[in-house]
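Enquirer: Have a look; sequence and predicted model below, questions after that.
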Amino acid sequence: MGGIVSSSNGGSNGNGNGRGGDRSKRRQTVWKKQETMADIKQRFIDDGSLPADVSDEYVELRQILSEPVCQRYLGDFAKKQYSQEAFFGWIDIQEYRSIPTPDYRRSKLTHIYKKYIKADAILNLGSIDEEDRALVLDLVEKARLDKTALRTDTLDKIQHKIFMDMFKSTFIPFKSSGHYTAMKTEMSDIFNKVTMEDFDLFEKIGEGGFAKVIRVRKKSTGKYYALKVQRKKDLVEMYLDDPKRLETEKAVFASCHHPFIVDLDYSLQTDTCALLVLGLANAGNLQDIINEAKDHRVGMDRVIFYSAELVLGLSHLHDLKMMYRDLKPSNVLLCEDGHIQLADMGGVADCGGSVLSKGEHDPRLMKDRKGKGRRRSIMGTHGYMAPEMVKLLGQKRYERVGYTEVIDYWSLGITIFKLLSGKRPFDKKRYEKIVEETGSQQNKDKRKVNKEYEMLRQEIVYPEYFSANAKSVIAGLLEVDEEKRLGAQGTDDIKKHPFFAYVDWDKLVQKHVIPPFVPAPKMYPTRPIFNNFDDMLTTLTKQRRANGQDDVNWNEQIDQRDASLFETWDFISPHTLKVEMGIAGEMEAHDTNFKVQQVMGTHSPIEKRSSLLSRILPGATPKEGNSPNPSNAKLMSSPKDMHRKI
């Protein structure tokens, strides 16, 4: 392999706008560098992914497994050898090892057991004996009771066995094949440079503050993304008091690879703009769903489904010691496959974690008597703010007690109520009066604010069509006392609420369920609208002028000192490399039958699985309206009349 390894975060990109070609050649995002064999061997010994007896050939196979391009060649060969089970099993376990949060890790373990380890697994591994099978089953059972019992190295012994199986059955014949020769040839001259010239530019799909969002298409793959365009000058001015926060949104997106959080695929830059290339969720947001629903009321089965996915997304953030702080329907995107994703990470703050760099040593972070991190800055949207956030409006910073991630559950309660009824639960005039009085410092006493909120809460009028469990979960989430609020003791309390009684959380986090509603695919132009990035900015600026909006100079330069703040901006997600250059597509294809099996049951008739196939994949036949899907008996392990019982 010649010591080639990947590094998904390189130097700065070129600007790709026709004015800085020399700079583009000089500054590339390079994702390979040279290491000695000793360096590589030590790295794999340290991470525990190799068996104890480490030979150079083992190291070469392990290195191939770490390279997306090499994975593709090895995976193709394994398919031809009918030995792909070990290859896919090793990749899935490696993903398990990289999961930082206990909830998601537990679900991944269950997925691996059912897919590879169980006696009747669809990709049963021959190298796993009965003792290993019993060991993994025991881990699955223990994890159901205590998710924190699982460590990232829990499956190392199993992974080592799979590795040895793959080495003998796949790698040895692979080395004498044409696949190996072709791989070596391709790897001898490969790097990845991403600039705006790599994308086709389409219509504007969003705008807010100082950012524009454009639909783009990667030329090399044909995949569509959402491009968030921000002026560097605006970012610098916004975070003038704390420049390190400039990369907050990028850092959160990059660290939160999760099914229900929007993915960051690339971040790149021009001389004047900072750019985020995000996963495209182009079926609108939950506020759009409310607006389009009959009487602005979303069906109960859909509300349960969306709320459950929100719980999982928020839980992932909280496990990473971060709080979202601005949950509302318009910040939750609907994807073409019917699932949802949290978007807009600009308001996220840490509460003792390491993602946003300072962790427990952050001077902005307070600790309460239980050792929980508390923030004191004001963030969020009126109408969705928890009482402990609203009361900060009338306090000077040194007076503030702050808040924890439990504020997100208050916002979740408001969101559930609005999804079901089309409106927020509190009387608007009474609520605005409390906020106004608090903000003018006429009402900054904590007990008085809480009393006002408790009176508001008692005055909530629940529509008659709300079920008892819906009322109960909303009341629990809208508990004024943050220490008694549903979720204050952990997300498991929310998951156990009867409102979510029929949700199979492990299947849901793997998206091995049928959404109750799949939107009709939207038709978009396939011919690019703009010639290049510079043309796009010029055209959009003219449109603003024509509409009487403030003019923005997108070519305004920043000085050298401010430019240094963007030295670490460039990023390529390792998951994106896996998709674009590796075997992610193959893994998804092999996972499809397993998804069908999970939804329909192990011994379901083949014809039922075939008819279900198109509904599991994106672009499936849409389910219009708010009525429950008749197949929802398999949606979340619920009875057909789930919507009436919950």
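Expert: Thanks, I have the structure now.
Enquirer: which element follows the longest helix seen in the chain toward the C-terminus?
Expert: Counting by DSSP state H, the longest helix found in the chain is helix 300-319. Where DSSP states H and E defines the elements, the next helix or strand beyond helix 300-319 is strand 322-323.
Enquirer: quick one on the thing from earlier: average pLDDT for the longest helix of the chain, rounded please.
Expert: Taken as a whole, helix 300-319 carries a mean pLDDT of 96.
Enquirer: ranges for the helices of the stretch 251-400 of the chain?
Expert: Shown for the stretch 251-400 of the chain, the helices assigned by DSSP state H, counting those that start in this stretch span residues 286-292, 300-319, 387-390.
Enquirer: okay, the first one in CSV with CA atoms only?
Expert: What follows is helix 286-292 as a C-alpha-only set of coordinates in CSV (Å, rounded to 0.1, in the frame of the first residue of the first chain):
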residue,chain,number,x,y,z
LEU,A,286,-42.7,20.2,10.3
GLN,A,287,-44.2,23.7,10.1
ASP,A,288,-45.0,23.1,6.5
ILE,A,289,-46.6,19.8,7.5
ILE,A,290,-48.8,21.7,10.0
ASN,A,291,-49.7,24.4,7.5
GLU,A,292,-50.7,21.8,4.9
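Enquirer: can you give me the offset of that helix from its chain's centre?
Expert: 22 Å (C-alpha atoms, centre = their mean, to the nearest Å).
Enquirer: Could you list every helix and strand in contact with that helix?
Expert: strand 332-334, helix 407-421 (3 or more C-beta pairs under 8 Å, 6 or more residues apart in numbering; DSSP states H and E). Where you see a C-beta, it was placed from the backbone N, CA and C, and this is true even at glycine.
Enquirer: Ok, the shortest one next?
Expert: Helix 387-390 makes packing contacts with helix 407-421, helix 428-439, helix 446-458 when contacts are defined by 3+ C-beta pairs under 8 Å, 6+ apart.
Enquirer: which residues are in contact with it?
Expert: 378-380, 401-403, 407, 410, 434-435, 438, 449-450, 453, 480, 482 (C-beta atoms under 8 Å, 6 or more residues apart in numbering).
Enquirer: can you pull the alpha-carbon coordinates of that helix into PDB?
Expert: Extracted as PDB, the C-alpha positions of helix 387-390 are listed here (Å, rounded to 0.1, in the frame of the first residue of the first chain):
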ATOM      1  CA  PRO A 387     -39.300  29.200  32.000                       C
ATOM      2  CA  GLU A 388     -35.700  28.900  33.200                       C
ATOM      3  CA  MET A 389     -34.600  30.500  29.900                       C
ATOM      4  CA  VAL A 390     -37.300  33.300  29.900                       C
END
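Enquirer: ok, the residue lying closest to K142 once chain neighbours are set aside - how many residues close by?
Expert: Closest residue to K142 apart from its sequence neighbours, by C-beta to C-beta, 6 or more residues apart in numbering: A149 at 5.4 Å. For A149, the neighbour count with other C-beta atoms under 10 Å is 13.
Enquirer: how much space is there between A149 and A143?
Expert: Between A149 and A143 the computed distance is 6 Å (C-beta to C-beta, to the nearest Å).
Enquirer: ditto for T538
Expert: The gap separating T538 from A143 is 55 Å, by C-beta to C-beta.
Enquirer: which one of those two has more residues nearby?
Expert: It is A143, of T538 and A143, that has more neighbours when counted by other C-beta under 10 Å, with 21 against 14.
Enquirer: thinking again about what came up before, looking at the helices and strands packed on helix 286-292, which is closest to I93?
Expert: strand 332-334 (30.6 Å; C-beta to C-beta).
Enquirer: that older thread, generate TSV for the helices of the stretch 251-400 of the chain, with mean neighbour count and distance to Q560 as supplementary columns.
Expert: Converted to TSV, these look like this (neighbours: other C-beta atoms under 10 Å; distance: least, C-beta to C-beta, whole Å):
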stretch	mean neighbour count	distance to Q560
helix 286-292	17	42
helix 300-319	24	35
helix 387-390	23	39
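Enquirer: Of all those, which one is nearest I558?
Expert: Of those, nearest to I558 by C-beta to C-beta is helix 300-319, at 31.0 Å.
Enquirer: Quick one: distance of the closest one to the chain centre.
Expert: 12 Å.
Enquirer: ok, back up a step: between the helices and strands packed on helix 286-292, which one is closest to E292.
Expert: With respect to E292, and counting by C-beta to C-beta, the nearest of the helices and strands packed on helix 286-292 is strand 332-334 at 10.8 Å.
Enquirer: Mind checking the pLDDT average for the closest one?
Expert: For strand 332-334, the per-residue pLDDT averages 96.
Enquirer: can you list contacts of it?
Expert: By C-beta under 8 Å, 6+ apart, strand 332-334 touches 262, 281, 283-286, 288-289, 306, 310, 340-343, 415, 519.
Enquirer: Flag every buried residue along it.
Expert: The neighbour-count check on strand 332-334 (16 or more other C-beta atoms under 10 Å) flags V332, L333, L334 as buried.
Enquirer: Per-residue pLDDT of the nearest residue to the first one once chain neighbours are set aside, please?
Expert: When the adjacent residues along the chain are set aside, V332 lies closest to L286, with 4.4 Å between them (C-beta to C-beta, 6+ apart). As summarised for this prediction, L286 has a pLDDT of 97.
Enquirer: how much space between V406 and L412?
Expert: 10 Å.
Enquirer: Identify the contacts common to these two.
Expert: G487.
Enquirer: circling back: closest one of the contacts of helix 387-390 to D165?
Expert: I407 (48.7 Å).
Enquirer: pLDDT wise, what is G359 at?
Expert: pLDDT, read off for G359, is 44.
Enquirer: right, I mislabeled it, should have said D56
Expert: At D56, pLDDT is 81.
Enquirer: what's the neighbour count on it?
Expert: Around D56 there are 9 residues (other C-beta under 10 Å).
Enquirer: so what's H258 closest to, chain neighbours aside?
Expert: H258 sits nearest to H316 (C-beta to C-beta, 6+ apart), 4.6 Å away.
Enquirer: Give the other helices and strands that the strand or helix carrying T539 contacts.
Expert: Assigned by DSSP H and E, T539 falls within helix 533-546. Applying 3+ C-beta pairs under 8 Å, 6+ apart, one finds that helix 533-546 contacts strand 199-208.
Enquirer: how far does the next helix or strand after the strand it packs on sit from the chain's center?
Expert: Where DSSP H and E defines the elements, the next helix or strand beyond strand 199-208 is strand 211-218. Remark: strand 211-218 is offset 19 Å from the chain centroid, using C-alpha atoms, centre = their mean.
Enquirer: Do me a favour and average the pLDDT over strand 211-218.
Expert: On average, strand 211-218 scores 93.
Enquirer: What strands flank that strand, and is each parallel or antiparallel?
Expert: Each strand paired with strand 211-218, and its direction, by DSSP bridges: strand 199-208 (antiparallel), strand 224-231 (antiparallel).
Enquirer: Show me the beta-bridge partners of the residue nearest to the spatial centre of the chain.
Expert: By C-alpha atoms, centre = their mean, the chain has its centre lying nearest to I261, at 2.6 Å. For I261, the beta-bridge partners under DSSP bridges are H258, L342.
Enquirer: ok, it - contacts?
Expert: F253, G313, H316, L317, Q341, L342.
Enquirer: please redo it, this time with the cut-off set to 7 Å
Expert: G313, H316, Q341, L342 (C-beta atoms under 7 Å, 6 or more residues apart in numbering).
Enquirer: And it, how far from D504?
Expert: 20 Å.
Enquirer: which among the contacts of I261 gets closest to D56?
Expert: H316 (38.9 Å).
Enquirer: wait, doesn't that closest one sit right on I99?
Expert: No. Using C-beta atoms under 7 Å, H316 is not in contact with I99; the gap is 9.6 Å.
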